[in-house]
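> give me coordinates for this.
(one chain, ligands or ions: 1)
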Amino acid sequence: MPHLIHTLSTLLLISLLCACSPSSEHDSTDTKNKDKTSASLTHNFPYKFEQVANNTWVIHGPRELPNAKNKGFMNNPGLVLTSAGLVVIDPGSTVYIGNDVITEIKKVSQQAIVAVFNTHIHGDHWLANQAIKMAYPDVKIYGHTEMINEVNNGEGESWLDIMDTLTEGASRGTEVVAPEYAVINADVIKVGDTHFKIHHYGIAHTKTDIMIEVVENSVVFLGDNVLSQRIPRTSNGTFIGNITSVNTLLKSDIKTYVPGHGPTGDRAMVEEYIKYLSLVYEAAKEAFNQDLDSSDVLAISKETTTAYKDWYGYDDLLGPQGAQAYSEVEEAEF
Ligand SMILES: [Zn+2]
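As a prediction, the model looks like this:
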């Protein structure tokens, strides 16, 4: 029975992810019969680290979902050089992607990787921990207490299954390597002469999120609490929690903001994203106040969010997000 429940919840997660995947993203021409074990051996990784701040680099991954072609890579791995060695934020989605990221890291610096931060439970951000741990066994991996709890409850295995399905086997061989060092809001981790300050203000994109401020470099890694040019998957979080968490972070005067997906930017990029979440929530409120149904939110939000229509995932996610926001409004009213 627990196995059945596990399988069902995995299928549910896959359907949630797939719900926001336009069919054009699926290259299904010849993947069905491909020898799956060889998929990862002929890997081509065309992404490079770009400097975004002092001693800070980011690989800006593709904004599409994990698929057979990208082999699961879709996030923004971050790299910070300290006097004690390198720190990686969200190394990626599979052991193979992790190895590719390490290869790219070596082009920036030959120093050892001494620490890793995982921004949240979604596997596209952290299943590559395995590659870092294999190459640097003494590395310290940090994540929020709630993330470690969720991994202990089997979420890592669920994400391995999701990746395996979406990449059509290209992630196979990846194992769960969880963070071992728990952090909470306001913790400051000192690595060499650099301070990593943890921001967590309750449930946001998920309940496991940390935003990592690199104090000396005036840069913050936002995880999926902020995306740029891409519509988020909101079903593990709340609109109000996400908006409130990010607005709290914005009180710190930070210069550079690295989203979980999409291009790095300044405060205006963050505000543009929060405006999207607010517009969807406001549309839900309006529908509720007019005694309309949750399915009526879409007609309103479509009018108010036209500025975001070219963002990846917009057409597929705006409807379900309106319904989710409507439930939140209902809950807040009673
Ligand atoms: Zn996420």
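> which residues sit against the lengthiest helix in the chain?
Within the chain, and with DSSP state H defining each element, the longest helix by residue count is helix 267-289. By C-beta atoms under 8 Å, 6 or more residues apart in numbering, the list of residues contacting helix 267-289 from outside reads 222, 226-228, 231, 234, 239-240, 242-243, 246-247, 250, 254, 257, 259, 263, 293-294, 296-297, 300-301, 304-305, 308, 311, 318, 321-322, 325-326, 328-330, 333. From N, CA and C alone the C-beta is placed, and that goes for glycine too.
> that helix: which residues count as buried?
The neighbour-count criterion (16 or more other C-beta atoms under 10 Å) identifies 269-271, 273-274, 276-288 as the buried residues of helix 267-289.
> thinking again about what came up before, list buried members of the contacts of helix 267-289 by neighbour count.
Among those, those classed as buried by 16+ other C-beta under 10 Å are 222, 226-228, 231, 234, 239-240, 242-243, 246, 254, 257, 259, 263, 294, 296-297, 300-301, 304-305, 308, 311, 318, 321-322, 325-326, 328-329.
> which residue ranges of this protein form strands?
Using DSSP state E, the strands of the chain run over 50-53, 56-58, 78-82, 85-89, 113-117, 140-144, 181-183, 188-191, 194-199, 211-214, 219-221, 256-258.
> average pLDDT for the fourth one?
Strand 85-89 comes out with an average pLDDT of 98.
> residues from this protein in reach of the ion?
Listed as neighbours of the ion in the chain under the rule C-beta under 5 Å from the ion: His122, Asp224.
> can you give the domain ranges for the chain?
Domain assignment for the chain, taken from automatic domain parsing, gives 43-232+254-265, 268-334.
> now do the longest one: distance to the chain's middle.
Here domain 43-232+254-265 shows a centroid-to-chain-centroid distance of 8 Å under the convention C-alpha atoms, centre = their mean, to the nearest Å.
> make 25 the starting number, not 1.
Okay, residue one is now 25; in that scheme the one you just asked about reads as domain 67-256+278-289.
> ok so, going back, from the domains of the chain, which stretch is densest packed?
When neighbours are counted by mean count of other C-beta atoms under 10 Å, the highest per-stretch mean among the domains of the chain falls to domain 67-256+278-289, a mean of 21.
> my understanding was that Thr118 contacts Leu151; is that so?
Yes - judged on C-beta atoms under 8 Å, Thr118 makes contact with Leu151 at a distance of 5.7 Å.
> can you list residues touching both of those two?
Both Thr118 and Leu151 are in contact with Gly96, Met187, Ser195, Thr198, where contact means C-beta under 8 Å, 6+ apart.
> pLDDT added to the residues you listed, as TSV?
Converted to TSV, the shared contacts of Thr118 and Leu151 look like this (pLDDT from 0 to 100):
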residue	pLDDT
Gly96	92
Met187	96
Ser195	96
Thr198	98
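> so which of the residues you listed is the closest to Tyr205?
Nearest to Tyr205 among the shared contacts of Thr118 and Leu151, counting by C-beta to C-beta, is Thr198 at 21.2 Å.
> for the closest one, give me its contacts.
Residues touching Thr198, when contacts are defined by C-beta under 8 Å, 6+ apart, comprise Thr118, Val119, Tyr120, Leu151, Ala152, Gln154, Leu184, Met187.
> and the fifth one, how far from the ion?
Translated: Ala152. For Ala152, the distance to the ion (C-beta to the ion, to the nearest Å) stands at 15 Å.
> check the fourth one too.
Taken as C-beta to the ion, the spacing of Leu151 relative to the ion amounts to 13 Å.
> need the pLDDT of that residue.
We have a pLDDT of 98 for Leu151.
> who touches the closest residue to the ion within the stretch 175-324 of the chain in this structure?
As assessed by C-beta to the ion, the ion sits closest to Asp248 within the stretch 175-324 of the chain, at 3.4 Å. For Asp248, the set of contacting residues under the criterion of C-beta under 8 Å, 6+ apart consists of Thr143, His144, His146, His149, His229, Thr230, Asp233, Pro256, Arg257, Pro283, Gly284, His285.
> so which of the residues you listed is the closest to Glu128?
The closest of the contacts of Asp248 to Glu128 turns out to be His149 (C-beta to C-beta; 16.6 Å).
> residue contacts, that closest one?
Listed by C-beta under 8 Å, 6+ apart, the contact set of His149 reads Asn99, Asp114, Gly116, Ser117, Asn142, Thr143, Gly247, Asp248, Gly284.
> can you redo the residues you listed as JSON lines with distance to Glu204?
Compiled in JSON lines, the contacts of His149 are given as follows (distance: C-beta to C-beta, whole Å):
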{"residue": "Asn99", "distance to Glu204": "21"}
{"residue": "Asp114", "distance to Glu204": "16"}
{"residue": "Gly116", "distance to Glu204": "19"}
{"residue": "Ser117", "distance to Glu204": "20"}
{"residue": "Asn142", "distance to Glu204": "11"}
{"residue": "Thr143", "distance to Glu204": "16"}
{"residue": "Gly247", "distance to Glu204": "19"}
{"residue": "Asp248", "distance to Glu204": "22"}
{"residue": "Gly284", "distance to Glu204": "22"}
